[in-house]
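Q: Based on what follows, work out the 3D shape:
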Amino acid sequence: MSYLCIIPARFGSTRLPGKPLLDLAGKPLIQWAWQRACSSQASRVVIATDDTRIQSVAEAFGAEVVMTRADHLSGTDRLAEVVEQLGCPDDQVVVNLQGDEPDVAPAVLDQVASLLLRQPQASMATLSEPLQHYEDYQNPNVVKVVRATTGRALYFSRASLPFFRDTAPQVVHSTMVQRHLGIYAYRAGLLRRFVTWPASPLEQAEKLEQLRVLEAGEGIWIEPACAPSSPGIDTQEQLEALNQRWSQT
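A: The predicted model follows:
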């Protein structure tokens with residue numbers, strides 16, 4: 001299996017400024033994500049950033065860095081620029097790993113890449129996991145996904161879907177609706193097409209970029225993750241909690 005893993009890293013996080021360079025167990029946060037990716041079967045791992053501070057630190061610990069423009073509206077746009085800079089062919093499989101996921105299982109990266117490689121009709125692949133609590137089903141911050149029996153994603157939503165008209169919902173630990181995990185594999189050609197499409201109505205309504213892909217008629221395949229999800233670090237409290245947990249192991 002051969003795939004490219006790109007880790008987009010932005011210094012100006014609204015909730016946690018300078019997040020990629022914050023200390024976690026003696027290393028910058030971004031280094032942990034990079035090391036996890038390097039332990040996967042990815043044939044190449046690059047960090048994509050527009051900030052020279054991140055570039056300097058990443059190159060010091062041995063990472064390959066691609067500098068990108070500062071005006072990207074999303075990580076997907078940044079990935080598309082990297083694909084162009086590296087001259088990736090349209091069939092190149094690209095896995096996007098967020099730089100604030102220091103505890104991701106390398107096997108999960110391999111899984112999402114393998115899923116895309118096994119589905120020639122797919123332009124994109126992603127992963128899910130069972131909903132653990134009914135409150136998650138009702139929480140708009142938890143993105144839900146329903147899929148066909150073939151594995152093709154039917155819809156992603158922040159709403160509690162599907163709607164159960166006649167019966168009480170049985171959604172906890174269900175395969176019918178699951179929690180979507182924000183890890184993606186793309187074909188490079190999809191990234192090139194994606195940035196030429198305007199934001200779609202469903203995407204704007206739900207604030208979910210993957211809906212732009214579905215509205216364009218492209219196929220997204222999804223399967224349950226082979227390992228538990230690794231929550232990203234979005235706040236100082238989450239960073240401190242992980243520092244404390246790792247210090248006790």
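
Q: Verify the contact between residue 197 and residue 214 for me.
A: No - here residue 197 does not reach residue 214: they are 11.5 Å apart, not a contact under C-beta atoms under 8 Å. Backbone N, C-alpha and C define where each C-beta goes, glycine included.

Q: More neighbours: these two, which one.
A: residue 214 (20 against 13; other C-beta atoms under 10 Å).

Q: For that one, which non-adjacent residue is spatially closest?
A: residue 220 (6.5 Å; C-beta to C-beta, 6 or more residues apart in numbering).

Q: was I right about the one you found contacting residue 127?
A: No - in this structure residue 220 lies outside contact range of residue 127 using C-beta under 8 Å: 11.1 Å.

Q: Distance-wise, check the residue nearest to residue 214 relative to residue 198.
A: Separation of residue 220 from residue 198 (C-beta to C-beta, to the nearest Å) stands at 19 Å.

Q: Same check on residue 12?
A: From residue 12 to residue 198 the distance is 25 Å (C-beta to C-beta).

Q: Then residue 160?
A: Residue 160 is 28 Å from residue 198, by C-beta to C-beta.

Q: Look at the two and report which has more neighbours.
A: residue 160 (18 against 8).

Q: Quick check: phi and psi on the more buried one?
A: As for residue 160, its main-chain torsions (degrees, to the nearest 10) stand at phi -80, psi 90.

Q: cool, the one 3 residues further on as well?
A: Phi and psi for residue 163, reported as degrees, to the nearest 10, are phi -80, psi 130.

Q: what about the strands in this protein?
A: 4-9, 23-24, 27-28, 44-49, 64-67, 93-96, 124-129, 144-147, 153-157, 177-187, 220-224 (DSSP state E).

Q: For stretch 118-133, buried residues please.
A: 119, 122-128, 131 (16 or more other C-beta atoms under 10 Å).

Q: pLDDT score for residue 230?
A: Residue 230 is assigned 82 on the pLDDT scale.

Q: was I right about it contacting residue 105?
A: Yes - with contact defined as C-beta under 8 Å, residue 230 reaches residue 105; the gap is 6.9 Å.

Q: coming back round to it: would you mind listing the residues in contact with the residue nearest to residue 214?
A: Applying C-beta atoms under 8 Å, 6 or more residues apart in numbering to residue 220 gives the contacts 122-126, 152-153, 210, 213-214.

Q: Residue 121 now?
A: With C-beta under 8 Å, 6+ apart, residue 121 has these contacts: residue 219.

Q: Same check on residue 190?
A: Neighbouring residues of residue 190 by C-beta under 8 Å, 6+ apart: 123-124, 213, 218.

Q: Repeat that for residue 119.
A: 125, 151, 219, 221 are the contacts of residue 119 under C-beta under 8 Å, 6+ apart.

Q: how close does it get to residue 46?
A: With distances taken as C-beta to C-beta, residue 119 is found 24 Å from residue 46.

Q: Tell me where this protein has helices.
A: All helices of the chain, identified by DSSP state H, fall at 29-38, 52-60, 75-86, 106-118, 134-138, 188-194, 201-206, 210-215, 236-247.

Q: How about residue 28: what's its closest non-neighbour residue?
A: Nearest to residue 28 is residue 21, by C-beta to C-beta, 6+ apart, at 4.9 Å.

Q: Just the pLDDT at that neighbour, thanks.
A: 94.
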